[in-house]
Every structure is written in structure tokens, then in C-alpha cells.
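Visitor: got a structure for you, letters missing:
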């Protein structure tokens, strides 16, 4: 929010959350001269990570990142590009909770145009319902939708949504300094119970990102 990109501030905020799994958007990855912020953040947190780059920014990869304290069995990237709009994507990380249990985590950053989001949400919902990946499945990220628009309708037709209003009095996450909009959401399929949700608001979290961190404690059942 001060116009500077400082990975260590991001590390400090994420470290304070003590999360087992983290989903980030708009992360700088590897380039010709350095390994990028994704590798720096992962190493500092001591977490494994995978990146789904959607485009290049000043010669560096740029896109979504999932970090995990659990092993990541498989990583898949889905193209959500729509017409001439900025490239977007959905990444899937298959996370090994133990030898027999796999959590499918989907991390998205949808577009800012109304029709673009609708198309992307429909595609994501179809991806999530693919029978080749078994529940539990969790979809989260920056949906760029702050009201019940067509993207929300497309997702809730096929997936369950976490109603933040039940758990939080204040659920707005953007912009961090003075949150006016609720852009960050969680959807799921399968046995998922909400044990707690927080939107930590600290001096450093206000500066490290234009979104406040969104922390959810989930109890997940496996078939």
C-alpha cells in the first residue's frame, strides 16, 4: 500500500497466521536473473510451494501460489483467459494430508469485468465438479466480486459457499487500509466444517498487501 513490494513483510504477516496451507495471488516468480518472490517466501516460511504463472511482469513469472506444510502430490493449472482481458488462471494443488487422504485445493484470481467473471466462474465450477477428483475440495482466492452477481450465482449453483456473515461482523478485505469490499471467498464440496474465521488487521498487514489476510480454520472429512 506504500507502493513497494517487500517480500519480508509478506513473510512476517503469513508467519504470524501460522497456517498449514496458504493461497496467494499476484506473486512474482522466477525470472532470468533471480528466483523471484515465491521461492523467497516459501524458503522463509519453511513451506513447500507451487506456482501457476499466468503472464510475465517485467521479465518475471507472475501468478498464483499455494504453500503447504503438507506434501503436494500433484499440481495442475487451468487457463481462465477471456477474450482480450488480462490472463487469469486457476491452480489445483493436491495436498497429502496423510498417506491415504488428499485435499484438492483450488486457488483462483478472477477478472474485473462482469461478463469475464461470469464465464470464468462457470468454468471453475465445472472444473470443481469433475468426478475424477474426489471430495473434499476447497476453492478460494480473490474473486473480484463483492455482491451476489452472476459469478456468485454460477458458483453457488454447484458448490457450497461459506457465509462469512455467520462468523464475522466485519468481512470486508479490500482495500486493506479502509476495507470497503468483500472480494475474497471460500467455496467447497464435500464434508467441510468451519471452526473459525478471522481477518487479522495489523499495522504490517495493512502495508504488506492491498488485501487483508483471510484466515479460516476448517475441519475436513475424507471419504
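Guide: Received the coordinates, thanks. Computed from a prediction, not measured in an experiment: that's the story for all the values here. Numbering: from 1, shown residues only.
Visitor: which residues sit in contact with the residue lying farthest from the centre of the chain?
Guide: Residue farthest from the centre of the chain, counting by Cα atoms, centre = their mean, is residue 33 at 27.0 Å. Neighbouring residues of residue 33 by Cβ atoms under 8 Å, 6 or more residues apart in numbering: residue 59. Placement of C-beta: from N, CA and C, glycine included.
Visitor: Ok, the one 5 residues further on next?
Guide: The neighbours of residue 38, taking Cβ under 8 Å, 6+ apart as the test, are 27-30, 49, 51, 61, 65.
Visitor: one more time with 6 Å
Guide: With contact set as Cβ atoms under 6 Å, 6 or more residues apart in numbering, residue 38 has these partners: 27, 29, 51, 65.
Visitor: how far away is it from residue 212?
Guide: According to Cβ to Cβ, to the nearest Å, residue 38 stands 21 Å off from residue 212.
Visitor: and the residue nearest to the spatial centre of the chain, what are its bridge partners?
Guide: When the chain is reduced to its mean C-alpha position, the nearest residue by Cα atoms, centre = their mean turns out to be residue 141, at 3.1 Å. Note on residue 141: beta-bridge partners residue 108, residue 185, judged by DSSP bridges.
Visitor: mind listing what's buried in stretch 216-223?
Guide: 216, 218, 220 (16 or more other Cβ atoms under 10 Å).
Visitor: Closest to residue 10 out of these?
Guide: Nearest to residue 10 among those is residue 216, at 18.6 Å by Cβ to Cβ.
Visitor: How far does the worst-scoring helix or strand of the chain on mean pLDDT sit from its chain's centre?
Guide: Lowest on mean pLDDT, DSSP states H and E among the helices and strands of the chain sits helix 164-167, with a mean of 70. Relative to its chain's centre, helix 164-167 lies at 19 Å (Cα atoms, centre = their mean, to the nearest Å).
Visitor: longest single helix anywhere in this protein?
Guide: Of all the segments of type helix in the chain, defined by DSSP state H, the longest one is helix 114-128.
Visitor: follow-up on the earlier one: would you mind measuring from the residue nearest to the centre of the chain to residue 154?
Guide: 15 Å.
Visitor: Now do the same contact list for the closest residue to residue 6 other than its chain neighbours.
Guide: Leaving aside its chain neighbours, residue 6 sits nearest to residue 208 (7.3 Å; criterion: Cβ to Cβ, 6 or more residues apart in numbering). Applying Cβ under 6 Å, 6+ apart, we find residue 208 in contact with 9-10, 13.
Visitor: got it, and residue 64?
Guide: 25, 52, 91, 107, 109.
Visitor: and the first one, what element?
Guide: When secondary structure is defined by DSSP states H and E, residue 25 falls within strand 21-28.
Visitor: three-state assignment of residue 153?
Guide: helix (DSSP: H, G, I helix; E, B strand; the rest coil).
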